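J.: can you look at this prediction? I've put the sequence above it.
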Amino acid sequence: MEPTSANPEPNQLSQSDERLWAMLTHLSALSGIFTVVGSLAAPLIIWQIQKDKSAFVDYHGKEAVNFQITMAIAAGISFFLFLLLVGLILIWVVAAVWLVFTIIAALKTYNGEYYRYPLTFRFIK
């Protein structure tokens, strides 16, 4: 019996589960609103648990983690630029970009698309 989307192999995810886990990988970063570490830790944990079960989740996990690392670097730079008062505006721009791109990625992913974040350093290939 060959696996189908309704009957996946034992360690594989169905297409709907793939889309759900990939979306959750992106949305889990929103936990960073409550804890700074959560924006990176949550996508990283989900990606590590699910990456071997689906190439789709693996791709989106890498994208989410790379984007969160990039945003953490941008937020750090903005924080240090507070001394020049430029960071006061820049931190709000970084926060808006983080929120908007995270939501866009989650929606595109749930629709089954391979979303690639713009303005992101690819630390994990």
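T.: Structure's in. What do you need? Residues are numbered from 1 along each chain as shown.
J.: contacts and neighbour counts: CA atoms only from here.
T.: Fine.
J.: run through the chain and note the low-pLDDT ranges.
T.: For the chain, the stretches with pLDDT under 70 are 1-10.
J.: apart from its neighbours in sequence, what residue is nearest residue 99?
T.: Excluding its sequence neighbours, the residue lying closest to residue 99 (C-alpha to C-alpha, 6 or more residues apart in numbering) is residue 30, at 7.7 Å.
J.: one more: residue 82?
T.: According to C-alpha to C-alpha, 6+ apart, the nearest residue to residue 82 is residue 88 (5.6 Å).
J.: what helix or strand is that neighbour located in?
T.: Assigned by DSSP states H and E, residue 88 falls within helix 86-110.
J.: please compute how far that helix lies from its chain's middle.
T.: Centre-to-centre, helix 86-110 and its host chain are 11 Å apart (C-alpha atoms, centre = their mean, to the nearest Å).
J.: mind listing what's buried along it?
T.: Applying a neighbour-count criterion of 16 or more other C-alpha atoms under 10 Å, one finds 87, 90-91, 94, 98, 101-103, 105-110 buried in helix 86-110.
J.: equivalent analysis for stretch 107-125, please.
T.: Residues of stretch 107-125 classed as buried by neighbour count (16+ other C-alpha under 10 Å): 107, 108, 109, 110, 112, 114, 115, 116, 117.
J.: show me the contact partners of that stretch.
T.: Residues outside stretch 107-125 that contact it (C-alpha atoms under 8 Å, 6 or more residues apart in numbering): 19-20, 22-23, 56, 59-60, 62-63, 66-67, 70, 101, 105.
J.: distance between the ends of that stretch?
T.: Across stretch 107-125, the terminal residues are separated by 23 Å (C-alpha to C-alpha, to the nearest Å).
J.: I appreciate the help and will end here.
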